[in-house]
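# pasting the structure only:
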């Protein structure tokens, strides 16, 4: 098969030919009219595919039923835009396109039509005055531009008012009285789709129409931007009312009545059988919801919102919560400050922060955790940061929607659930606007699989859904992917009026849920096949680990797991069994202290060999830091950067001199200058995370000034440091030193690995908090700058580790040491979305990099640690197997629930037409919607069947 590039290469030789053919459209027209074959061609239609070139008479007559076509006139030298009203074309109302017999007498226009003035930049787009031949001339906004056309009203007895006649003909009036502008239904449908699919601002959309109308002088086209805003809101609202049956029933929608929810979630009375509560597998009916905040969908304070403050939807009919009760709750609620017992996240630290110039700092929402459908009535505005009072209301509305309360169990996932529910019961009891605290007995709290790794270590086992029974393989981060679409809408809604913004966000969330629903069958089918494969692999991994356990362990560990899961309901600390408990290795300072004490006990100097060895290691680390700095500043550093380099070089020279003087004291018979050195390798440079142009063999190009170099001109960072590991031949007076240096080097290696792990965790936190929660581009850039800074620190510690490992090998350390301290590659220090969690895409079956399992005390193969490691690995393998078994079962149940949901919707839609006062059009509309739901059900059933056969 050919690639896109192959097709592009095929086109390149044809480009000139294509261009010539396109240009032929500007040539002189044929002599005779395509229709009458008599009069000369003076007009052409840009929309017609046949009979394109016409005389003025035929052009007018053939377009009486196509008044929205765009035409051009031949001037004798070129084509230029013109308009059908000049050819006598008008829109006839009330008689299926024929002129009303009671309409005013039509006075034919001059033949041929009069030409516009030469200086008319609109090319004669509109007639003079607002009437033509006794009929009103209206501005018509269509998909191909803006037109001016006379509309001939029906004046028969009992005829509708003018604006009603326009509606029946497919023209939406901008006003119901004194109508001067209309929008075609096709245009409004296009506008509605563009705002949802492309998130086009109304101003940009209308600017496009003006350019389509008059490419050369778009400003000459009438400005109907405000009318488009108003009519667009009305059109969107009426489409929603019709889609949910309120055009048939005539009722007023209540809370959540203009919203769709998830077809695959278990909903009593909708997609569950009547006897579902007697099902022995009650865990499958667990409702999983996620909550999160978004700080992109802000709303800026407007100077004046008068004239556009009518709320078409303000009572929670869609996804945005009901305005008045929420405002009253906020006014009567006091946010209590709580000290976080976990890390100080921005969601906590910034919750009281005011956002300058904004009356809404973002939105909070709840969604179905397994399928990503927003929960109706649960989306609300933040006034400051992501405060608990806001999320309490969000939780209450989500748990109150539909029959959510009937679920036997509720699982809520939220970024800070280690802190959020601590005092939730007291808050629920204090405010009557919130849900009953009795529901908390059903709730299990968790943290998404991405965010949980930014918490303290114990939060992973306590709150990760990977260890929560009944959760399946839910990740809890699905709102993060949904925000990407919502953010696009948030940028256009930030300067709308509050009612308009609420309606657009509602429409965006409805569109998101609709697309999720349309893709449910495909998604579940794909997940069924992948879950079967993952289940087999999880079973094989578990069997492998279980077989290696002793009979005593096979009997003890399941009891430990069962007991922890039972006690989790009252104390999440019971889940700490999933964490490895071990002590940290000795630091280099502790090793140095031990060596000093040993030397003192053996009669040596207090500031002797251990201090000299440790000083040498410090100097090498300073040299590595200086090498990285010089590389980063480049060949032409600024004056400030050059001063920084010179200062640090001077500091290194001082330490080298101190090291040399101490060696002369300790080894007076040894001449350091006589030694032959082996220089440690300089690690590859990874300035901002990726390998750059600085290789391990490159040397700093910035030459040191006279005061910061050795006698031979060598920069201080490249000077050799006398150590047992750096000399080719060990002097006799150093025979006892290699073992001491080896102890320090091992400590240096482990210490460097520990610092790398800390910094990798810091970088992962930066990705999550400083970039995801950033409100503006400037803040996101700061976040990326922080990541680059973390990369530089990581690469510095990599350099320290590389020197330590090189020295350990030079000092001939035993294989038990060198086998643990492996080569450190770039992918070993990347930011990890999850270290021990198998859920994260692309990571679930990859082993953790070796650096995450090296931090042990003493001998890593000591029996107590080996027992601990086996136990934790067994527990995690077992919970991984349990979650995949649950996932596979849930997906099969969800397939049946989805089919039942579509059938329920079809029957509910058919019920619209059961009233005795239904018009034929209402009956047909109900039948059309019911057929749509049934077709979705049939498609889902066929897709599911194919997936089942593929198992």
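Done, it's in. Remember, it's a predicted structure, so these values are computed and weren't measured experimentally. Numbers count the residues shown, from 1 in each chain.

# Tell me which helix or strand in the chain has the weakest average pLDDT.
Taking mean pLDDT, DSSP states H and E as the measure, the helix or strand of the chain with the lowest value is helix 346-349, at a mean of 54.

# Look through the chain and tell me its longest helix.
When the chain is parsed with DSSP state H, its longest helix is helix 863-910.

# Tell me how far the helix or strand just after it lies from the chain's centre.
Counting by DSSP states H and E, the next helix or strand C-terminal to helix 863-910 is helix 920-949. Relative to its parent chain, helix 920-949 has a centroid offset of 31 Å by CA atoms, centre = their mean, to the nearest Å.

# Same question for stretch 252-272.
Computed by CA atoms, centre = their mean, the separation of stretch 252-272 from the middle of its chain amounts to 26 Å.

# Could you list the buried residues of that stretch?
Within stretch 252-272, the residues scored as buried using 16 or more other CB atoms under 10 Å are 253, 255-268, 270-272. From N, CA and C alone the C-beta is placed, and that goes for glycine too.

# got it, and stretch 715-728?
By neighbour count, with 16+ other CB under 10 Å as the criterion, the buried positions of stretch 715-728 are 715-727.

# Name the residues that touch stretch 152-170?
When contacts are taken as CB atoms under 8 Å, 6 or more residues apart in numbering, the neighbours of stretch 152-170 outside the stretch itself are 90-95, 99-104, 135-136, 151, 172-173, 175-177, 179, 182, 184-186.

# Please report how far the residue of the chain positioned farthest from its centre lies from residue 613.
Most distant from the centre of the chain: residue 669, at 67.7 Å, with distances by CA atoms, centre = their mean. Relative to residue 613, residue 669 is positioned 19 Å away (CB to CB, to the nearest Å).

# One more: residue 148?
For residue 148, the distance to residue 613 equals 92 Å [CB to CB].

# quick one on the thing from earlier: can you add secondary structure, distance to residue 909 and pLDDT and give the buried residues of stretch 715-728 back as a markdown table?
Shown next, in a markdown table, are the buried residues of stretch 715-728 (DSSP: H, G, I helix; E, B strand; the rest coil; distance: CB to CB, whole Å; pLDDT from 0 to 100):
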| residue | secondary structure | distance to residue 909 | pLDDT |
| --- | --- | --- | --- |
| 715 | coil | 80 | 89 |
| 716 | helix | 81 | 89 |
| 717 | helix | 76 | 89 |
| 718 | helix | 79 | 89 |
| 719 | coil | 83 | 90 |
| 720 | coil | 84 | 90 |
| 721 | coil | 82 | 90 |
| 722 | coil | 87 | 90 |
| 723 | coil | 82 | 90 |
| 724 | coil | 85 | 91 |
| 725 | coil | 80 | 91 |
| 726 | coil | 82 | 90 |
| 727 | strand | 87 | 90 |
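
# Can you name the two of the residues you listed that sit furthest apart?
Distance extremes for those: the farthest pair is 715 and 724 at 24.2 Å, using CB to CB.

# Next up, the contacts around residue 261.
267, 368, 373, 375-376, 401-402, 513.

# out of the residues you listed, which are inside strands?
Within these, residues falling in strands by DSSP state E are residue 368.

# right, and out of the contacts of residue 261, which lies closest to residue 551?
The closest of the contacts of residue 261, once distances to residue 551 are taken by CB to CB, is residue 368, at 43.6 Å.

# Near the nearest residue to residue 610 once chain neighbours are set aside, how many other residues are there?
If you skip the residues right next to it in sequence, residue 610 has residue 595 as its closest partner in space, 3.8 Å away by CB to CB, 6 or more residues apart in numbering. When neighbours are defined as other CB atoms under 10 Å, residue 595 has 22 of them.
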